[in-house]
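Asks: Return a 3D structure for these sequence lines:
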Amino acid sequence: MVAAAIGAKAPARGSNRLVIAGASAGTVFEWYDFYLYGSLASFITEHFFSGVNATTGYIFALLAFAAGFAVRPFGAIVFGRLGDLWGRKNTFLVTMILMGLSTFAVGLLPSYAQIGVAAPVALILMRLIQGLALGGEYGGAATYVAEHAPEGKRGLFTSWIQITATFGLFLSLIVIIAVRTRLGEDAFKAWGWRIPFLVSALLLIVSLWIRLRLNESPIFQKMVAEGTTSKAPLTESFARWPNLKLVLLALAGLTAGQAVVWYTGQFYSLFFLEKTLKIEGVLTNELVAAALLLGTPFFVVFGWLSDKIGRKPIILAGCLLAVLTYFPIFKAITVAGNPALAAASASSPVTVVADPADCAFQFDPVGKQVFASSCDLAKSALATAGVSYANQAAPAGTVASVKIGAVTIPSFKGEVLPAAELKTQKAAWAKTLGSALKTAGYPAKADPAKINMPVLVGLLWLLVLYVTMVYGPIAAALVEMFPARIRYTSMSLPYHVGNGWFGGFLPTTAFAMVAATGNIYYGLWYPVVVAAVTFVVGLLFVKEMRGAKIEA
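Replies: Numbers count the residues shown, from 1 in each chain. Take a look at the predicted model:
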């Protein structure tokens, strides 16, 4: 009934330009919705996870961010199946409505202070709905555009869909910057962060209006007329080895590496600037937005180039460049973004000397555990200060100490103290540590006057350029791998497992790796290893499909 009602609204087929604009406009809106949460993770931590310690709260906020990614493959299965049974257009209209309503609801949710644990539960529920909807959106939009594209221009046409993810992030950053600037930091922190979520209602209306003007994909219409649509797309896609093999190769040899490069370049860099380098929030958003603006045209460049030389060489080249250069790029970002921190780290490196048995992984899901050992107190204080440190094992029973260059500051055994005394001594010790760090040149936050803006934007742009290499041709590559009758289902799952799981969990995993080791660059091993695996698998086992017939 819903399908008939939606389908009945479709007018005569428009031009290719309208097809691209319609599919892209809706997808921009959905990515805007999805990435608002990542861009506002720090504020969401404060309002929805205030019942736990700061480190746990931030990890929880990132986990809630990742929850939307976790369910994307399930959305791909549900809506991919509907897309192959019901039609491309009808399916991505439904996913858009779900995305829009759940995002609007986030802007209205009460905080932890108002309704307790029900607040993060409701937030995560909205994220799950968003993830399910996005799981069905991309496959439909990419398939829809590819099935309209002229011969020899499939990479170019679908690259406009690839731009939408970056445009969505860019739009979310622009709205956030505008609201923060207009309201001021205090008002934005208290309630203004909700406005970008509420604005999504207007974008939903505009996007729906554009998409309702589109007709169904001509290839799907032809299959319906000939009676060749799949009756069991899930079975054909995943229960038959020839197609399942393609799904697995698409994941390991294309989308997993593409995903980690994408999220490192456009999200982990954002977290790194604000959380690690302590660059002020608005400036961080402006820097990333500038890099995105400069880099975005290259999605189309590499999409066009993939029509000339193939999808696989460009995607794998982007993965290889990431593997070889991520560590030097992020170290250069530290020097350009917070030169005082880089100088202090070089001249007065910090080491925590402790009995390994005295050190816990400080993640407390219920907010009840007290991390009061001498090692935990030292590492917690350094993490709060955003200082990178090395670990040095000490004999069993040794009270932990922090070495800052040639200066050593002993910690204390907080677990033997009453709660009130622990609080007092912890504050006094943190003050002593802070004074020593300041003397050694460690800044409390980045000085905007000392940031090398051109170099920093250039480095961020380079990360975005890698993103455009791996992401620009990916839609055309996936469309060409699978037959039309099960295309929506088959391509959606490897895309969303790659981007939902390998990519979506990257900020959480990388931040946890940094928190566990104290090394601010240690989290980069995650994208480097995944991208390296994709390069090898793609090079050896993925077949180049440029120019393949997609009508059958």
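
Asks: In the protein, mark out all the strands, start to finish.
Replies: Secondary structure of the chain (DSSP state E): strands at 350-354, 390-393, 401-404, 407-410.

Asks: ok, residues contacting the second one?
Replies: Applying Cβ atoms under 8 Å, 6 or more residues apart in numbering, the set of residues contacting strand 390-393 from outside is 349-356, 359, 403, 517-519. The way it works is simple: take the backbone N, C-alpha and C, and place the C-beta from them, glycine included.

Asks: The third one too?
Replies: Applying Cβ under 8 Å, 6+ apart, the contact partners of strand 401-404 are 348, 350-354, 378, 381-382, 389, 392, 408-411, 433, 436-437, 440.

Asks: Mind putting the contacts of strand 390-393 into TSV with distance to Thr91?
Replies: TSV is the format used below for these (distance: Cβ to Cβ, whole Å):
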residue	distance to Thr91
Pro349	54
Val350	53
Thr351	55
Val352	52
Val353	58
Ala354	55
Asp355	57
Pro356	52
Cys359	50
Lys403	59
Thr517	43
Gly518	46
Asn519	44
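
Asks: just the buried members of the residues you listed?
Replies: Buried subset of the contacts of strand 390-393 (neighbour count, 16 or more other Cβ atoms under 10 Å): Val350, Thr351, Val352, Val353, Ala354, Asp355, Cys359, Lys403, Thr517, Gly518.

Asks: and the contacts of strand 401-404, which are buried?
Replies: 348, 350-354, 378, 381-382, 389, 409, 411, 433, 436-437, 440.

Asks: lowest-pLDDT helix or strand in this protein?
Replies: helix 2-8 (a mean of 37; mean pLDDT, DSSP states H and E).

Asks: Give me the residue ranges of this structure where confidence is low.
Replies: 1-16, 26, 30, 34, 38, 50-59, 61-63, 65-66, 362-370, 552 (pLDDT under 70).

Asks: so what's Ala76 up against?
Replies: Gly135, Gly136, Gly139, Thr489, Ser492, Leu493, Tyr495, His496, Val497.

Asks: Count the neighbours of the fourth one for me.
Replies: Yep, that's Thr489 we're talking about. 30 (other Cβ atoms under 10 Å).

Asks: so how far is Ile314 from the residue lying closest to it once chain neighbours are set aside?
Replies: Counting by Cβ to Cβ, 6 or more residues apart in numbering, Gly80 is the residue found nearest to Thr489 once chain neighbours are left out, at 3.6 Å. From Gly80 across to Ile314, the span is 26 Å (Cβ to Cβ, to the nearest Å).

Asks: Between these two, point out the one with more neighbours.
Replies: Legend: neighbour count by other Cβ under 10 Å for Gly80 and Ile314, higher for Gly80 (31 against 23).

Asks: contacting residues around that one?
Replies: Gly136, Gly139, Pro233, Ser237, Tyr488, Thr489, Ser490, Met491, Ser492, Leu493.

Asks: Dump those into a markdown table; add distance to Val529 as well.
Replies: What follows is the contacts of Gly80, written out as a markdown table (distance: Cβ to Cβ, whole Å):
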| residue | distance to Val529 |
| --- | --- |
| Gly136 | 30 |
| Gly139 | 27 |
| Pro233 | 33 |
| Ser237 | 28 |
| Tyr488 | 31 |
| Thr489 | 29 |
| Ser490 | 27 |
| Met491 | 25 |
| Ser492 | 25 |
| Leu493 | 23 |
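
Asks: what's the spacing between the residue nearest to Thr489 and Pro73?
Replies: 10 Å.

Asks: list residues touching both of the two?
Replies: The contact lists of Gly80 and Pro73 share Leu493, where a contact means Cβ under 8 Å, 6+ apart.

Asks: and stretch 458-470, which residues are buried?
Replies: Per 16+ other Cβ under 10 Å, stretch 458-470 contains these buried residues: Leu459, Leu460, Trp461, Leu462, Leu463, Val464, Leu465, Tyr466, Val467, Thr468, Met469, Val470.

Asks: Among those, name the ones in helices.
Replies: Leu459, Leu460, Trp461, Leu462, Leu463, Val464, Leu465, Tyr466, Val467, Thr468, Met469, Val470 (DSSP state H).

Asks: returning to that earlier point: could you export the strands of the chain as a markdown table, including distance to Ala250?
Replies: Listed next are the strands of the chain as a markdown table, based on distance: least, Cβ to Cβ, whole Å:
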| stretch | distance to Ala250 |
| --- | --- |
| strand 350-354 | 43 |
| strand 390-393 | 40 |
| strand 401-404 | 48 |
| strand 407-410 | 52 |
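
Asks: Of all these, which one is nearest Leu198?
Replies: strand 350-354 (43.0 Å; Cβ to Cβ).

Asks: what packs against that closest one?
Replies: helix 374-385, strand 390-393, strand 401-404 (3 or more Cβ pairs under 8 Å, 6 or more residues apart in numbering; DSSP states H and E).

Asks: Between the ones you listed, which one is closest to Val206.
Replies: Between the helices and strands packed on strand 350-354, helix 374-385 lies closest to Val206; by Cβ to Cβ that is 42.8 Å.

Asks: list the buried ones in the closest one?
Replies: For helix 374-385, by 16+ other Cβ under 10 Å, it's Ser374, Cys375, Asp376, Leu377, Ala378, Lys379, Ser380, Ala381, Leu382, Ala383, Ala385.

Asks: what's the nearest residue to the last one if we skip its chain neighbours?
Replies: With Cβ to Cβ, 6+ apart as the measure, Leu437 is the residue that lies nearest to Ala385, at 6.2 Å, once sequence neighbours are left out.

Asks: What's the separation between that neighbour and Thr228?
Replies: Counting by Cβ to Cβ, the gap from Leu437 to Thr228 is 68 Å.

Asks: Also Asn215?
Replies: Asn215 sits 19 Å away from Thr228, taking Cβ to Cβ as the criterion.

Asks: Those two: which has the busier surroundings?
Replies: Asn215 (17 against 11).

Asks: Thought Lys89 was touching that one, still the case?
Replies: Yes: between Asn215 and Lys89 there is a contact under Cβ atoms under 8 Å: 7.2 Å.

Asks: circling back: right, and the pair among the contacts of strand 390-393 with maximum separation?
Replies: Pro349 and Asp355 (20.7 Å).

Asks: wait, Leu292 sits on Gly168?
Replies: No: look at Leu292 against Gly168 with Cβ under 8 Å: they stay out of range, at 10.3 Å.

Asks: list the contacts for Tyr526?
Replies: Tyr526 neighbours (Cβ under 8 Å, 6+ apart): Val260, Leu506, Thr509, Ala510, Met513.

Asks: ok, the first one touching Phe502?
Replies: Okay, so that is Val260. Yes: between Val260 and Phe502 there is a contact under Cβ under 8 Å: 5.7 Å.

Asks: TSV please, covering the helices and strands packed on strand 350-354 and showing distance to Thr164.
Replies: Formatted as TSV, the helices and strands packed on strand 350-354 follow (distance: least, Cβ to Cβ, whole Å):
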stretch	distance to Thr164
helix 374-385	36
strand 390-393	42
strand 401-404	47
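
Asks: Just tell me which of those ends up closest to Ile279.
Replies: Per Cβ to Cβ, nearest to Ile279 of the helices and strands packed on strand 350-354: helix 374-385, 15.0 Å.

Asks: And the contacts of the closest one?
Replies: Here helix 374-385 has contacts from 54-55, 350, 352, 354-355, 358-360, 362, 371, 389, 399-402, 411-414, 426, 429-430, 433-434, 437, 442, 444, 515, 518, using Cβ under 8 Å, 6+ apart.

Asks: For Leu85, give its distance to Pro73.
Replies: In terms of Cβ to Cβ, Leu85 sits 19 Å off from Pro73.
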